[in-house]
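Chemist: Below is the sequence, then the predicted model.
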Amino acid sequence: MTSLHGLLAGWITGQRWFAGKGRAIDDLSVETLTEIVAGDPGLVHLIVSVRQEERRTRYQILAGLRDHLPDRLKHVGIGTCEWGGRERHVYDAMHDASLTEHLLRGMDADRRVNGVAFHRVAGVSIDTTQRSLVLTAEQSNTSLVYGDAYILKLFRQLNAGVNPELEIITALAGAGSAHVARPYGWIETGLDGEPTTLAIMQEYLPNANDGWTMALTSVRDLYACPDAMPAEDAGGDFAAEAGRLGQATAQVHRELAESFPTGVVEPPEIKRMTERFRRRLDRAVAEVPPLARHAEVAARAYDRMADLEHEITVQRVHGDYHLGQVMRTTGDWVVLDFEGEPGQPLAERRALDSPLRDVAGMLRSFDYAARHLLADRPGAERLEGRAREWAARNKAAFLAGYSEGGGHIRGADAVLLRALELSKAVYEVVYEARNRPSWLPIPLAAFGDEG
Ligand SMILES: Nc1ncnc2c1ncn2[C@@H]1O[C@H](COP(=O)(O)OP(=O)(O)O)[C@@H](O)[C@H]1O
Ligand SMILES: O=P(O)(O)O[C@H]1O[C@H](CO)[C@@H](O[C@H]2O[C@H](CO)[C@@H](O)[C@H](O)[C@H]2O)[C@H](O)[C@H]1O
């Protein structure tokens, strides 16, 4: 009979959130196993450590155990193995509402099960009768939606330490921000001696649309219009929303600056920042060879940044800002997912940075939205111009909104912004190569234009 390790090693590579796709697993070990619910069905919490060549990554899994697997759960089966002296079915517990209700109950009761601690945010109450469904989004993590009340995000890749998202939404919600979803609870454990966030539960925004979906609708509308029609006359023009998003972004940056420390980075440290960008570029080229022919474009932008003679203001930022991280409610834009770039060390994700890093991230996202629909589309070359037009129009509206909302972008910031955009594109090249290789041409196109 296959061992639990063997089962997990065969299953994990097929999961959307598994970051090491395309590379063999050299070793998978179970670091911790905590029984959250005994019996049938049973629920166990696992932290597994996966080694692929030199890189070791920890992942979190919630596994269900049943003596008999009902048809409705067969599609999430992991396999069978011996457990407690008998053969049991192991499956992905996120799809079993009769198990995920224990997560709600655990948070409501501030329960602790061995090393796994459930917490409720002070002053809120949790409705434990809500049933969960797994969100089917393109995600680095896995989210459960309970009724239309809560959304619980289970972090898949684990890095020791408090997740910046928990820290930030707690502070901003506490300060009365209109741009974050209210936190309700979290789950944590100790890893390498540090409290480490395993999951966060927030208010679910039931009548909201995410920015990526809205932007794609707008792009589709434009592509369907006659070539001669100006973008502003096309149905579904997104520019007014892009402007409002810019304003909301500036407000969130102000709230972050008020809730956390800020600082300034002097030119010698700016040089060191560009050295880090270069090292990241070198690593990316080694991992994704098609990036090599564009490396010079990025290197030149970094050189220009290294020559900056004025200081840069730094503060806590979002860190992985894009259209999929913002939701338009009936009232305003709400910002999600303040956890920085998944997979980066937590210290880096919590470090103070230029708010323009988020601005750069969103500018890249407008390019993604414009180009995404061109892949594999007949007549794509004809639409290339329209894609540029859509991206340029919405980027300009976003930047104008950012300034109107009190965000600071001076003329001299163009060099910094360009370097940050290309640094983000380098990250995206690696992200796409690992997760969605057919999307790789999108970030690679960022280097084609010297800006
Ligand atoms: N509070 C919320 N209300 C409604 N939908 C949400 C909420 N938070 C996240 N979502 C949806 O879940 C998706 C993924 O959430 P996100 O926090 O970005 O996860 P990940 O870090 O895995 O990408 C979002 O794009 C959005 O569609
Ligand atoms: O999972 P997260 O949302 O934290 O972020 C990761 O996945 C994103 C993709 O889902 C990725 O974003 C890239 O693709 C987006 C379109 O799907 C695009 O809007 C972004 O601009 C682009 O960076 C993100 O980089 C990654 O960290």
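Modeler: Now that the structure is in, tell me what you want to look at. Ligands and ions are numbered 1, 2, ... in the order given.
Chemist: For the strand or helix carrying Ile78, name the packing helices and strands.
Modeler: Assigned by DSSP states H and E, Ile78 belongs to strand 77-83. Packed against strand 77-83 by the contact rule (3 or more C-beta pairs under 8 Å, 6 or more residues apart in numbering; DSSP states H and E) you find helix 4-12, strand 86-92. For every residue, glycine as well, the C-beta is placed using N, CA and C.
Chemist: Reformat the ones you listed into a markdown table and put mean pLDDT, mean neighbour count and distance to Leu135 next to each item.
Modeler: As requested, those are exported to a markdown table (pLDDT from 0 to 100; neighbours: other C-beta atoms under 10 Å; distance: least, C-beta to C-beta, whole Å):
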| stretch | mean pLDDT | mean neighbour count | distance to Leu135 |
| --- | --- | --- | --- |
| helix 4-12 | 94 | 18 | 19 |
| strand 86-92 | 96 | 18 | 14 |
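Chemist: Turn these into CSV, including distance to ligand 2.
Modeler: What follows is the helices and strands packed on strand 77-83, written out as CSV (distance: least, C-beta to the nearest ligand atom, whole Å):
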stretch, distance to ligand 2
helix 4-12, 17
strand 86-92, 19
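Chemist: Reformat those into JSON lines and put distance to Ser177 next to each item.
Modeler: Listed next are the helices and strands packed on strand 77-83 as JSON lines, based on distance: least, C-beta to C-beta, whole Å:
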{"stretch": "helix 4-12", "distance to Ser177": "36"}
{"stretch": "strand 86-92", "distance to Ser177": "34"}
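Chemist: Looking at those, spot the one closest to Leu356.
Modeler: helix 4-12 (36.7 Å; C-beta to C-beta).
Chemist: That closest one to strand 77-83, inter-axis angle?
Modeler: 180 degrees (axes from the mean of the first three to the mean of the last three C-alpha atoms, to 10 degrees).
Chemist: And helix 4-12, what does it pack against?
Modeler: With 3+ C-beta pairs under 8 Å, 6+ apart as the test, helix 4-12 has strand 27-37, strand 42-52, strand 55-66, strand 77-83 packed against it.
Chemist: still on that earlier bit, direction included, what does the strand holding Ile78 pair against?
Modeler: Strand pairing for strand 77-83, using DSSP bridges, gives strand 86-92 (antiparallel).
Chemist: got a list of contacts for the strand it pairs with?
Modeler: 1, 4, 7, 42, 61-69, 73, 76-83 (C-beta atoms under 8 Å, 6 or more residues apart in numbering).
Chemist: angle of that strand against strand 42-52?
Modeler: 70 degrees.
Chemist: tell me how far stretch 281-301 is from the chain's mean position?
Modeler: 23 Å (C-alpha atoms, centre = their mean, to the nearest Å).
Chemist: Disregarding flanking residues, what is the spatial nearest neighbour of Asp210?
Modeler: The shortest distance from Asp210 to any non-neighbouring residue, by C-beta to C-beta, 6 or more residues apart in numbering, is to Met327 (5.2 Å).
Chemist: Tell me the secondary structure at that neighbour.
Modeler: strand (DSSP: H, G, I helix; E, B strand; the rest coil).
Chemist: if I pick it, what's in contact with it?
Modeler: 205, 208-211, 333-334, 336.
Chemist: what about burial for the contacts of strand 86-92, which qualify?
Modeler: 4, 7, 42, 61-66, 69, 73, 76-81, 83 (16 or more other C-beta atoms under 10 Å).
Chemist: Tell me the residues of the chain that contact ligand 1?
Modeler: Contact residues (C-beta under 6 Å from any ligand atom) of the chain with ligand 1: 135, 137, 139-141, 143, 151, 153, 181, 202-205, 208, 210, 324-325, 327, 336-337.
Chemist: ok, now how distant is Asp210 from Tyr59?
Modeler: Going from Asp210 to Tyr59 by C-beta to C-beta, to the nearest Å gives 25 Å.
Chemist: If you count surrounding residues, which of those two has more?
Modeler: Tyr59 (22 against 18; other C-beta atoms under 10 Å).
Chemist: Is that one bridged to anything, and to what?
Modeler: For Tyr59, the beta-bridge partners are Val48, Gln157 (DSSP bridges).
Chemist: Then the one 4 residues further on?
Modeler: For Ala63, the beta-bridge partners are Val44, Asp92 (DSSP bridges).
Chemist: Quick one, grab the pLDDT at it.
Modeler: pLDDT, Ala63: 98.
Chemist: Name all residues that make contact with it.
Modeler: Contacts of Ala63 by C-beta under 8 Å, 6+ apart are 43-44, 46, 78, 90-93.
Chemist: between those residues, which is nearest Arg418?
Modeler: Closest to Arg418, out of all of those and judged by C-beta to C-beta, is Asp92, at 42.7 Å.
Chemist: so where's the stretch 251-400 of the chain shaky on pLDDT?
Modeler: For the stretch 251-400 of the chain, the stretches flagged by pLDDT under 70 are 376.
Chemist: Please, where are all the helices along it?
Modeler: Counting by DSSP state H, counting those that start in this stretch, one finds helices in the stretch 251-400 of the chain at the ranges 267-287, 295-306, 346-350, 356-372, 380-404.
Chemist: Compare those helices and report which one is nearest to Val121.
Modeler: Relative to Val121, the nearest member of the helices of the stretch 251-400 of the chain by C-beta to C-beta is helix 346-350, separated by 20.1 Å.
Chemist: what residue of this structure is the furthest out?
Modeler: Distance from the C-alpha centroid of the chain, by C-alpha atoms, centre = their mean, peaks at Gly85 (40.2 Å).
Chemist: backbone phi and psi for that one, please?
Modeler: For Gly85, the backbone dihedrals (degrees, to the nearest 10) come out as phi 90, psi 0.
Chemist: how close does it sit to Gly79?
Modeler: 18 Å.
Chemist: From Phe155, how far out is the residue nearest to Asp210?
Modeler: 20 Å.
Chemist: likewise Ala387?
Modeler: With C-beta to C-beta as the criterion, Ala387 and Phe155 are 34 Å apart.
Chemist: now Leu65
Modeler: 22 Å.
Chemist: quick revisit: from the contacts of Met327, keep the buried residues only.
Modeler: 205, 208, 210-211, 333-334, 336.
Chemist: do stretch 318-337 and ligand 2 meet at all?
Modeler: Yes. Judged by C-beta under 6 Å from any ligand atom, stretch 318-337 and ligand 2 are in contact via 320, 322-325, 337.
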